[in-house]
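*Asks:* This is a predicted model, with the sequence first.
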Amino acid sequence: VSAVSVPVSLGARSYEIRIESGLLSAIGDALHTAGLSGKAAVVSNPTVARLYGNTVQSSLRKAGFQACVILVPDGERAKHLRWVSYILDELTKRSFERSSVLIALGGGVVGDVAGFAAAVYVRGIPFVQVPTTLVAQVDSSVGGKTGVNHALGKNLIGAFHQPRVVLMDPDTLMSLPAREWVAGLAEVIKYGMIADEAFFEYLERKMGALLKRDREAVVHIVARSCAIKADVVAEDERETDRRRILNYGHTIGHALEAIGRYRRFLHGEAVAIGMVHEADLARHMGWCGEDVVVRQRALVRQAGLPDRLPACRFAELWSAMLHDKKVSKGRVLCVLPERIGRVRIEPLERSSVIRWLSANRRWHGKKP
Ligand SMILES: NC(=O)c1ccc[n+]([C@@H]2O[C@H](COP(=O)([O-])OP(=O)(O)OC[C@H]3O[C@@H](n4cnc5c(N)ncnc54)[C@H](O)[C@@H]3O)[C@@H](O)[C@H]2O)c1
Ligand SMILES: [Zn+2]
């Protein structure tokens, strides 16, 4: 269990995801193995750099890299063009070349902003993801989407830029705050729901161990989640069709994040509520059975994730759903389960969502 490798097959842009306990202190060698050398900038934030910056820097220097660290602030506010600009200034000052390496050490925020800087500096330099949160290990570091927010919306500015290699050390997850750990589990449950019933059953059996971050279970869920995402991305790198299934739980989830002004819920928490309610919507429309809703809700609760739709007006919810990117002709494209391990993409009409929501409210009234 100690070392796993997951391939991401994208033709000339193919790369490897390495999952290995202790990998952080062998990063320099891992970069050499991936064919990289020369100058290397580690983009991180103060929280992560304090924990892991020295280990990474000394491993890079031992392997002969000219290493430096570039810090952006902790939190979502780092996903701003001003921080991209700051990273580009630092790379320019240090005379980074087309063959120099940019390494993202941190969660999804660091990965997104650093990846975007790597995508645009001299039209693209080698980029390496070293994700240190569960969300980043199972989701954001795989697939090549990079970018920052605009005042008018999240992730509005970005580019596809695939990493040369993704290096995951499961040990880094042990320092993650509990709420961040649990939020990441929502995306893991999502992979079971969209693609793999046996994996969903594994999560049902092992949730206790996962909440204790048992090493073996952690490596398994990270590897399986990456493999599922890599599979979907390999089929549809630029999100035209099949890649949309990764947005399961996100239509309602993104709406709840927006309504909560990105402060009330962590992304994974909103996705958990989104999955519970999108499954219920599917049941309401007759696309899946009640058993799917019940089992998923039980797993979400077992993980300690929220499952209740917060009080909000229909108009507010619907307009937030329309603001999501997955809209065509006034209808919202939603990913709905048919059974555990299988989803389909359906356009939702306003009227059917109204009917479902009013039935859902009555249901909440009867069974508190
Ligand atoms: N590019 C994609 O495909 C994609 C996919 C999903 C999410 N995202 C983006 O990812 C971001 C969310 O990522 P996130 O959930 O990792 O949040 P994050 O990057 O903000 O990290 C969460 C918190 O944990 C801290 N942290 C990171 N690693 C730690 C560690 N090992 N120990 C202790 N603390 C640690 C961070 O400093 C931060 O405070 C969002 O901006 C989202 O849009 C991108
Ligand atoms: Zn997500």
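*Replies:* Received, thanks. Ligands and ions are numbered 1, 2, ... in the order given.
*Asks:* Show me what from the stretch 101-250 of the chain comes close to ligand 1.
*Replies:* 106-110, 112, 132-133, 135-136, 139-140, 143, 145, 155, 172, 175-176, 180 (CB under 6 Å from any ligand atom). No exception for glycine: its C-beta is placed from N, CA and C like everyone else's.
*Asks:* One more pass at 5 Å, please.
*Replies:* 107-109, 132-133, 135-136, 139-140, 145, 172, 175-176 (CB under 5 Å from any ligand atom).
*Asks:* in this structure, which ranges drop under the pLDDT threshold?
*Replies:* For the chain, the stretches with pLDDT under 70 are 1, 237-240, 325-328, 361-368.
*Asks:* And the helices in it?
*Replies:* 27-33, 46-48, 54-62, 81-93, 108-120, 134-135, 178-195, 197-211, 215-235, 250-259, 267-284, 290-302, 314-323, 350-366 (DSSP state H).
*Asks:* which one of these is the most hemmed in?
*Replies:* Each of the helices of the chain was scored by mean neighbour count; the highest is helix 134-135, a mean of 28, by mean count of other CB atoms under 10 Å.
*Asks:* Tell me how far that helix lies from the chain's centre.
*Replies:* 6 Å (CA atoms, centre = their mean, to the nearest Å).
*Asks:* Provide the contact partners of it at residue level.
*Replies:* 107-108, 173, 176, 180-181, 183-185, 187-188, 222, 267-268 (CB atoms under 8 Å, 6 or more residues apart in numbering).
*Asks:* Also stretch 169-183?
*Replies:* With CB under 8 Å, 6+ apart, stretch 169-183 has contacts from 19-24, 51-52, 107, 130, 132-135, 137, 184, 211, 213, 215, 218-219, 222, 266-269, 303-305.
*Asks:* can you give me how far it is from the chain middle?
*Replies:* 14 Å.
*Asks:* List the contacts of Ala40.
*Replies:* 31, 60, 65-68, 100-103.
*Asks:* between those, which has the most around it?
*Replies:* Ile103 (28 neighbours; other CB atoms under 10 Å).
*Asks:* Surely that residue and Val48 touch.
*Replies:* No: Ile103 lies out of contact with Val48 (CB atoms under 8 Å); the separation is 11.8 Å.
*Asks:* so the residue nearest to Ser14 when sequence neighbours are not counted bridges to which residues?
*Replies:* Closest residue to Ser14 apart from its sequence neighbours, by CB to CB, 6 or more residues apart in numbering: Val8 at 6.2 Å. Taking DSSP bridges, one obtains Tyr15 as the residues bridged to Val8.
*Asks:* which residues does Val8 contact?
*Replies:* Val8 touches 14-17, 142, 162, 166, 230, 233-234, counting by CB under 8 Å, 6+ apart.
*Asks:* Check Ala227 too.
*Replies:* Ala227 touches Val6, counting by CB under 8 Å, 6+ apart.
*Asks:* ok, now how distant is it from Asp112?
*Replies:* From Ala227 across to Asp112, the span is 22 Å (CB to CB, to the nearest Å).
*Asks:* I figured Ala359 hits Arg283, correct?
*Replies:* No: taking contacts as CB under 8 Å, Ala359 lies outside contact range of Arg283: 10.4 Å.
*Asks:* Now for those two: what residues contact both?
*Replies:* Contacts common to Ala359 and Arg283, judged by CB under 8 Å, 6+ apart, are absent.
*Asks:* And for the residue most central in space within the chain, nearest residue in space, chain neighbours not counted?
*Replies:* The residue lying closest to the centre of the chain (CA atoms, centre = their mean) is Asp139, at 3.1 Å. Sequence neighbours aside, Glu187 is the residue nearest to Asp139 in space, at 5.0 Å (criterion: CB to CB, 6+ apart).
*Asks:* wouldn't that neighbour be in contact with Val138 here?
*Replies:* Yes: taking contacts as CB under 8 Å, Glu187 lies within contact range of Val138: 5.3 Å.
*Asks:* which residues do these two both contact?
*Replies:* Ser225.
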